[in-house]
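*Asks:* Need a 3D model of the following:
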Amino acid sequence: MNTIVFIGSYKSGTSREALLCAKEMGYYVTLFTEKSSYKDSDFPEVDCLIYKKQLLEKDQILSSLAVLTSSGKQISACLSFIDPYVSFAASIAEELGLNRLSINSLKLMEDKLKFREVLKDSSVSPFYTVYKDGSSKKEFVKRYKDRLPLIVKPPISHGSRDVMLAKTRLQLRSTIKELAKKYPETSLLIEEYLNGPQYLIEVMVYKGEVKIAGVVEQEFSKENEFIITGYSYPADLKDEDYKALRESIISIAEKLNLKDGACHLEMRNTDGQWKLVEVNPRMAGGVMNKIIIEGTDINLVKEILKLHLGEEPKIEPKVNQYVHAKFLTVNTYGKLLEITGESSALDHKGVKYVYIKPQSGAIISTPRTMGNRYGCIVAVGDTLDEAKDNAKSAAMEIKFFIDST
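*Replies:* Just a heads-up that it's a prediction; the model follows:
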């Protein structure tokens with residue numbers, strides 16, 4: 001039986017949708033997970049759930065796959081939709097003689113320091129520098145004080161975790177001290193703070209041809225400007241801005257030598273110039289696939305699976321629909337007692353999807369990372385403003401009851 005192997009998955013979002021999609025396509029679905037809490041009943045679409053304490057142990061994965069093939073399973077693809085397993089899964093596929101992606105390019109994108117180095121001479125690259133563990137914090141701050149404000153983050157940061165903004169010399173020194181202590185075995189990435197609207201761009205590269213599947217404008221929390229609270233599709237861009245964006249993305253793909261693979265970029269339009277915030281070697285997580293489906297009638301997850309299967313992906317829009325996704329956060333810390341209003345929100349005009357993440361008894365808090373977003377509503381409209389109004393109106397139905405004592 002033809003089999004698709006997945007390395008890692010969450011219980012929701014694009015990684016879970018990939019499992020469901022593979023099953024709908026008629027494949028035998030195998031999932032390797034490092035989460036010992038996962039049970040077969042959590043993933044009814046998965047035919048074979050294999051627990052490994054360390055997913056990055058290639059020999060162990062290959063050994064388990066050998067058992068699968070000996071039982072009559074024919075492996076057609078091996079891939080991952082989550083960090084840090086994307087390039088690793090691609091290397092497994094290469095080892096098995098399957099469709100070959102641009103593995104070195106994927107590895108570059110997984111390391112924020114390395115991809116910054118590759119792109120350092122590009123016009124899309126903002127100013128950046130590196131703080132090496134053990135260096136004088138006082139001298140470092142003195143050298144770069146005129147560059148403030150600056151972003152400080154570990155190169156392995158995901159979901160805005162431990163990404164900090166330093167506006168003053170004191171903040172820069174204390175932030176470096178805090179993160180250097182937390183990440184003692186790595187250098188810290190220090191980047192220019194960029195103004196301007198920020199966009200997420202879903203990209204597919206097939207045989208060297210760069211295809212843009214969607215450009216989505218991001219909205220940020222007023223309390224924490226690194227937490228995304230909304231997505232709007234399609235982004236409202238002038239023709240010349242879109243053209244310049246596409247040229248920038250093609251240039252990035254060329255510099256990374258990305259010939260085959262999927263990725264998403266986050267870029268800011270700063271004073272009329274496109275600047276790269278970050279690039280990730282996978283499709284964006286969460287509700288991104290649902291946004292693309294509602295906006296274009298393209299199942300981007302399915303097209304990515306086709307890419308890994310050696311088939312040509314098709315990402316030309318079939319429809320053009322305005323979509324807005326609004327994330328739900330709370331303004332207090334405590335134990336979740338109950339959430340109400342999900343059914344009422346789903347009944348609102350234009351609402352296509354309502355997702356609530358935490359269960360009763362969970363500890364929830366104000367947003368410090370993307371993980372502190374506790375739900376999402378995806379709505380459509382005849383205009384972008386209407387789609388936003390529909391999502392916001394539905395969000396008012398959702399009530400969090402929290403014991404903060």
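
*Asks:* Tell me which residue lies nearest the centroid of this protein.
*Replies:* A284 (3.3 Å; C-alpha atoms, centre = their mean).

*Asks:* residue contacts, it?
*Replies:* Shown in contact with A284 (C-beta atoms under 8 Å, 6 or more residues apart in numbering): T14, L200, E202, H264. The C-beta positions use only the backbone N, C-alpha and C, and glycine is treated the same way.

*Asks:* Give me the helices and strands touching the host helix or strand of the second one, please.
*Replies:* Here L200 sits within strand 198-206, counting by DSSP states H and E. Counting by 3 or more C-beta pairs under 8 Å, 6 or more residues apart in numbering; DSSP states H and E, the packing neighbours recorded for strand 198-206 are strand 209-220, helix 239-255, strand 261-270, helix 288-296, helix 300-308.

*Asks:* and the third one, how far from the chain's centre?
*Replies:* Meaning strand 261-270. On the basis of C-alpha atoms, centre = their mean, to the nearest Å, strand 261-270 sits 11 Å off its chain's mean C-alpha point.

*Asks:* In a markdown table, list the contacts of A284 along with neighbour count, pLDDT and distance to S344.
*Replies:* Formatted as a markdown table, the contacts of A284 follow (neighbours: other C-beta atoms under 10 Å; pLDDT from 0 to 100; distance: C-beta to C-beta, whole Å):
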| residue | neighbour count | pLDDT | distance to S344 |
| --- | --- | --- | --- |
| T14 | 24 | 96 | 27 |
| L200 | 22 | 97 | 29 |
| E202 | 25 | 98 | 31 |
| H264 | 22 | 97 | 33 |
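
*Asks:* Next, format the residues you listed as JSON lines and append distance to Y131.
*Replies:* Below are these laid out as JSON lines (distance: C-beta to C-beta, whole Å):
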{"residue": "T14", "distance to Y131": "33"}
{"residue": "L200", "distance to Y131": "28"}
{"residue": "E202", "distance to Y131": "32"}
{"residue": "H264", "distance to Y131": "27"}
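
*Asks:* quick one: which two of those are the most distant?
*Replies:* Taking C-beta to C-beta, the two most distant members of the contacts of A284 are T14 and L200; they sit 12.6 Å apart.

*Asks:* which residues touch the nearest residue in space to F140 that is not next to it in sequence?
*Replies:* Distance criterion C-beta to C-beta, 6 or more residues apart in numbering; nearest residue to F140, sequence neighbours excluded, is Y131 at 5.7 Å. Contact analysis of Y131 by C-beta under 8 Å, 6+ apart lists K137, F140, V152, I176, A180, S187, L188, I190.

*Asks:* Please repeat the previous calculation with a cut-off of 6 Å.
*Replies:* F140, I176, L188, I190 (C-beta atoms under 6 Å, 6 or more residues apart in numbering).

*Asks:* and these, which two are the farthest apart?
*Replies:* F140 and L188 (9.7 Å).

*Asks:* Neighbour count: those two, which is higher?
*Replies:* L188 (25 against 19; other C-beta atoms under 10 Å).

*Asks:* Can you name the residues bridging to that one?
*Replies:* Beta bridges link L188 to Y131 when assigned by DSSP bridges.

*Asks:* ok, now which ones touch it?
*Replies:* So L188 contacts Y131, V152, L179 (C-beta under 6 Å, 6+ apart).

*Asks:* is it true that T14 touches M283?
*Replies:* Yes - counting by C-beta atoms under 6 Å, T14 touches M283, with 5.3 Å between them.

*Asks:* all strands of the stretch 301-405 of the chain, in order?
*Replies:* With DSSP state E, counting those that start in this stretch, the ranges of strands along the stretch 301-405 of the chain come out as 322-328, 334-340, 351-356, 363-364, 375-381, 399-403.

*Asks:* okay if I get the ones you listed as CSV plus distance to E223 and mean neighbour count?
*Replies:* Formatted as CSV, these follow (distance: least, C-beta to C-beta, whole Å; neighbours: other C-beta atoms under 10 Å):
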stretch, distance to E223, mean neighbour count
strand 322-328, 13, 25
strand 334-340, 17, 14
strand 351-356, 21, 19
strand 363-364, 15, 16
strand 375-381, 17, 24
strand 399-403, 16, 15
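
*Asks:* okay, the ones you listed in a markdown table with mean pLDDT and distance to C21 next?
*Replies:* Listed next are the strands of the stretch 301-405 of the chain as a markdown table, based on pLDDT from 0 to 100; distance: least, C-beta to C-beta, whole Å:
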| stretch | mean pLDDT | distance to C21 |
| --- | --- | --- |
| strand 322-328 | 97 | 19 |
| strand 334-340 | 95 | 28 |
| strand 351-356 | 96 | 16 |
| strand 363-364 | 93 | 30 |
| strand 375-381 | 97 | 18 |
| strand 399-403 | 95 | 31 |
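
*Asks:* can you count the residues close to the residue lying closest to D162 once chain neighbours are set aside?
*Replies:* Once flanking residues are discounted, D162 sits nearest to P154: 5.7 Å by C-beta to C-beta, 6+ apart. Neighbourhood size, P154 [other C-beta under 10 Å]: 19.

*Asks:* Now do P154 against G8, distance only.
*Replies:* 20 Å (C-beta to C-beta, to the nearest Å).

*Asks:* what do you get for L309?
*Replies:* 19 Å.

*Asks:* And for N331?
*Replies:* For N331, the distance to G8 - C-beta to C-beta - is 32 Å.

*Asks:* more crowded one of those two?
*Replies:* Legend: neighbour count by other C-beta under 10 Å for N331 and G8, higher for G8 (21 against 10).

*Asks:* Quick check, pLDDT for that one.
*Replies:* pLDDT recorded at G8 is 97.

*Asks:* That one against P84, yeah?
*Replies:* No - with contact defined as C-beta under 6 Å, G8 does not reach P84; the gap is 8.9 Å.

*Asks:* picking up where we left off before, got a markdown table for the strands of the stretch 301-405 of the chain, with distance to V118 too?
*Replies:* Below are those laid out as a markdown table (distance: least, C-beta to C-beta, whole Å):
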| stretch | distance to V118 |
| --- | --- |
| strand 322-328 | 32 |
| strand 334-340 | 43 |
| strand 351-356 | 36 |
| strand 363-364 | 39 |
| strand 375-381 | 34 |
| strand 399-403 | 43 |
